[in-house]
Every structure is written in C-alpha cells, then in structure tokens.
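Engineer: This is the structure alone, sequence omitted:
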Ligand code: IPM
Ligand code: MN
C-alpha cells in the first residue's frame, strides 16, 4: 500500500492534480497495486488565510510518504518569491531532494518550434542539481537602498553535493540505456572555481562508468545545441541555476508548459513530482488547462516508486492521446477539456 501526499497548491494546480489522480486510480487497478492519498492545503490561499507559509511539522510529516504529488505553487495576490521559497524550495531543501529530473521528450503529434525535428530527435533528460548552487541563498546585502548598496549572491558547490548529483546522472544514463552519453553542462571558461570542481568530479566518477560516453558543453553552447541539434543529447547534468534555465528552453522544444513534467528526487528518501509550468492562475476553474504535464509527473512518480509497468503504460497513454486526439498542447486549444484529457488517458490505461 503506497502512501502518497497530494499538494494541489495554487491556481490550476488542483485541477491538473485531479486528472493525475484519475490516471493513478486506473493504473492501480490495471497493475494491481494499492495506495492511499492525503491532501495538504499548502499554497497561497492557506497563506493568505492563516499567515503561515508552511507548518513547522510539514517536512517531517511528508517524509513518511512514499511520494509527493504537487500541482503548482504561485498566487497572484502573494508577492513573488514568498511561496516559491517558503514552500517549493523549502521542501526541496528540507527533504534533501538533491536531483531535479527533467525529461525533454517530444511526444508524437506534438508541435515543436524546432524546424525539421521530431520525436526521434528530441528525447533527452536533464539532471539538475537541486539543493546547492545559487539557490543555497548564500550572500547578503550591505547599505541597502543607498547609492553604495552592495549585493552579493554566491554559488555554493560542495564536493559531496556535486558528486552525488553526477553519480546519479551516470547511473540514470546507464539505466536509461539509450545513447549512453552524459554531457556535463557548465561554464569552465569563466566560473573557474565552481565548474573546476564539477569537471574534476565528473571525470573522476566517469572512470567508474566506462560504458558511458562523456561530453562537455558550456551552458551558452548547450542552449544553441538544444535548439540546433537536440539529437546530440541523451542525459545532461548541470548545476541548479543552469538547470533551471535550460529546462524552460527544453520544455518549449517539447511542446511547452502544458506537457513538461519533472521530479524532485531524493534517491534515499521521499521524492516530489510536479508539472513544471506553474499555477497559470488566469485559467483557474475553467477546465481548459492541459493536464498532461501533471499526468507526466504522475508517470515519473510511478517509475520512481517501482511501478514500472504502470509507468510504461501511462507513457504509452500520453503518446496515444497526443498522437491521436489533442489539437494543441495549449490551454483552451486542445479540442478537449482538462477532465476529458484525463478521462482519455485513464481510459487508455484501463483498456490496455
Ligand atoms: C522551477 C521553478 C522554480 C525554480 C521557482 C518557482 C522557484 O522555476 O521549478 O524550475 O526556480 O526552481
Ligand atoms: Mn524554472
């Protein structure tokens, strides 16, 4: 019996999570596993009502689950940064979810802005470090608001943090078993302290993986190749900030935020899965947002808890729906409502 914590969150988060749970139910029946869910009301509404961003006990409580399924965090009436830092980043850090796994996969039938590229060209995974770098919050400000103001924001890179991320990427690349190529994305020509550490750790760990081809690209060049030659990539490993930036680019090449999913992974603990697109508050309650990103996150959740058969089935169901049903990935242009898309995916799983 799997225990799954559900955080619908803000805006359209609860609507897309509902469709993910529909698919989970179909998958559990089909593949004979059982689960229970519990809802947590973390998000902007709760904060505006109670003044509390995240209860002190939240992380300890969430640690008891097999997985966390998250909709979206971000509320138009709350100053940007408060909920993102106070909920999303806080959970990533306190649950030590040191990997942010972001597949960039073009499903059949989905439009990409990359001319001449198809599903066989756009299929790679970004392994983003998720607890260090510029996100660690190191730095400070002096003489704020004066002409002499000084702001320092430092990137923290620990040997341990970098190495465990790189090791995960090598393992993932081996298990994925596609092109067996791991690219380190960095900036060794300018960030000569941080990426020197990354580069040394990368090539040291690489010795343990002779079956994996290694490659290196500066982050600026990486963005060029992601557009021009995405088929060169299999798995990319990079730091927190670069990973944040390049995965939004990746998401656009796979059809946009309606379909991009990600997982905040603690390989030794509890992981949290989310559509990466945000809360899209203007579409709240309209039943027009695309739930496939949330369903893709659910697919990653199934894979991580060890339900491979169910995960493969959900992946096939998404491909069936994109390939045969949806007119577009964008909210309001799919040709179907949010709940109809969830129904079609769940039905495919049930009939498989
Ligand atoms: C993401 C988001 C978050 C990040 C924000 C909301 C804090 O952009 O998950 O990529 O920067 O990590
Ligand atoms: Mn981001």
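Structural biologist: Good, I have the coordinates. Keep in mind it's a predicted model, so treat the numbers as computed, not measured. Numbers count the residues shown, from 1 in each chain. Ligands and ions are numbered 1, 2, ... in the order given.
Engineer: tell me, what residue is most central in this protein?
Structural biologist: residue 262 (1.9 Å; C-alpha atoms, centre = their mean).
Engineer: In what element of secondary structure is that one found?
Structural biologist: strand 261-265 (DSSP states H and E).
Engineer: What pLDDT does the model give the residue of the stretch 201-350 of the chain at minimum distance from ligand 1?
Structural biologist: Using C-beta to the nearest ligand atom, residue 244 is the residue of the stretch 201-350 of the chain that sits closest to ligand 1, at 4.5 Å. From N, CA and C alone the C-beta is placed, and that goes for glycine too. If you check residue 244, the pLDDT there is 97.
Engineer: Near it, how many other residues are there?
Structural biologist: The local packing of residue 244 (other C-beta atoms under 10 Å) involves 19 other residues.
Engineer: for residue 142, same thing?
Structural biologist: Residues contacting residue 142 under the criterion other C-beta under 10 Å number 10.
Engineer: same check, this time on the one 3 residues further on
Structural biologist: Counted by other C-beta under 10 Å, the residues lying close to residue 145 total 7.
Engineer: SS state for it?
Structural biologist: Following DSSP: H, G, I helix; E, B strand; the rest coil, residue 145 is assigned to coil.
Engineer: Distance check, it against residue 125.
Structural biologist: 43 Å (C-beta to C-beta, to the nearest Å).
Engineer: returning to what we had before: how about the nearest residue to the residue of the stretch 201-350 of the chain closest to ligand 1, chain neighbours excluded?
Structural biologist: Residue nearest to residue 244 in three dimensions, not counting chain neighbours: residue 128, with 6.9 Å by C-beta to C-beta, 6 or more residues apart in numbering.
Engineer: For ligand 1, what's its nearest residue on the chain.
Structural biologist: Counting by C-beta to the nearest ligand atom, the chain gets nearest ligand 1 through residue 84, at 3.8 Å.
Engineer: wait, what's in contact with that residue?
Structural biologist: Neighbouring residues of residue 84 by C-beta atoms under 8 Å, 6 or more residues apart in numbering: 73-74.
Engineer: same question, the one 10 residues further on
Structural biologist: Contacts for residue 94 (C-beta under 8 Å, 6+ apart) come out as residue 59.
Engineer: For this structure, just list every one of the strands.
Structural biologist: 2-9, 35-40, 67-72, 99-105, 123-129, 133-142, 150-156, 181-186, 213-218, 235-238, 261-265, 271-275 (DSSP state E).
Engineer: Is it possible to get CSV of those that adds distance to residue 319 and mean pLDDT?
Structural biologist: Output for the strands of the chain, formatted as CSV (distance: least, C-beta to C-beta, whole Å; pLDDT from 0 to 100):
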stretch, distance to residue 319, mean pLDDT
strand 2-9, 24, 98
strand 35-40, 24, 98
strand 67-72, 21, 98
strand 99-105, 9, 98
strand 123-129, 12, 98
strand 133-142, 33, 97
strand 150-156, 38, 98
strand 181-186, 24, 98
strand 213-218, 27, 98
strand 235-238, 21, 99
strand 261-265, 14, 98
strand 271-275, 17, 97
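Engineer: Tabulate those strands (CSV), appending distance to ligand 1.
Structural biologist: Below are the strands of the chain laid out as CSV (distance: least, C-beta to the nearest ligand atom, whole Å):
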stretch, distance to ligand 1
strand 2-9, 11
strand 35-40, 18
strand 67-72, 9
strand 99-105, 7
strand 123-129, 8
strand 133-142, 7
strand 150-156, 14
strand 181-186, 15
strand 213-218, 20
strand 235-238, 13
strand 261-265, 7
strand 271-275, 7
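Engineer: want to try JSON lines for those strands, with distance to residue 92 as columns?
Structural biologist: JSON lines is the format used below for these (distance: least, C-beta to C-beta, whole Å):
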{"stretch": "strand 2-9", "distance to residue 92": "13"}
{"stretch": "strand 35-40", "distance to residue 92": "16"}
{"stretch": "strand 67-72", "distance to residue 92": "10"}
{"stretch": "strand 99-105", "distance to residue 92": "8"}
{"stretch": "strand 123-129", "distance to residue 92": "11"}
{"stretch": "strand 133-142", "distance to residue 92": "8"}
{"stretch": "strand 150-156", "distance to residue 92": "14"}
{"stretch": "strand 181-186", "distance to residue 92": "20"}
{"stretch": "strand 213-218", "distance to residue 92": "25"}
{"stretch": "strand 235-238", "distance to residue 92": "16"}
{"stretch": "strand 261-265", "distance to residue 92": "5"}
{"stretch": "strand 271-275", "distance to residue 92": "7"}
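Engineer: Among those strands, single out whichever gets nearest to residue 168.
Structural biologist: Closest to residue 168 of the strands of the chain is strand 99-105 (C-beta to C-beta; 5.3 Å).
Engineer: and that closest one with strand 261-265, angle?
Structural biologist: 160 degrees (axes from the mean of the first three to the mean of the last three C-alpha atoms, to 10 degrees).
Engineer: what does the protein put close to ligand 1?
Structural biologist: Counting by C-beta under 6 Å from any ligand atom, the chain comes close to ligand 1 at 84, 88-89, 244, 276.
Engineer: Check those residues and tell me the two furthest apart.
Structural biologist: Farthest apart among the residues of the chain next to ligand 1 - using C-beta to C-beta - are 89 and 276, which lie 14.1 Å from each other.
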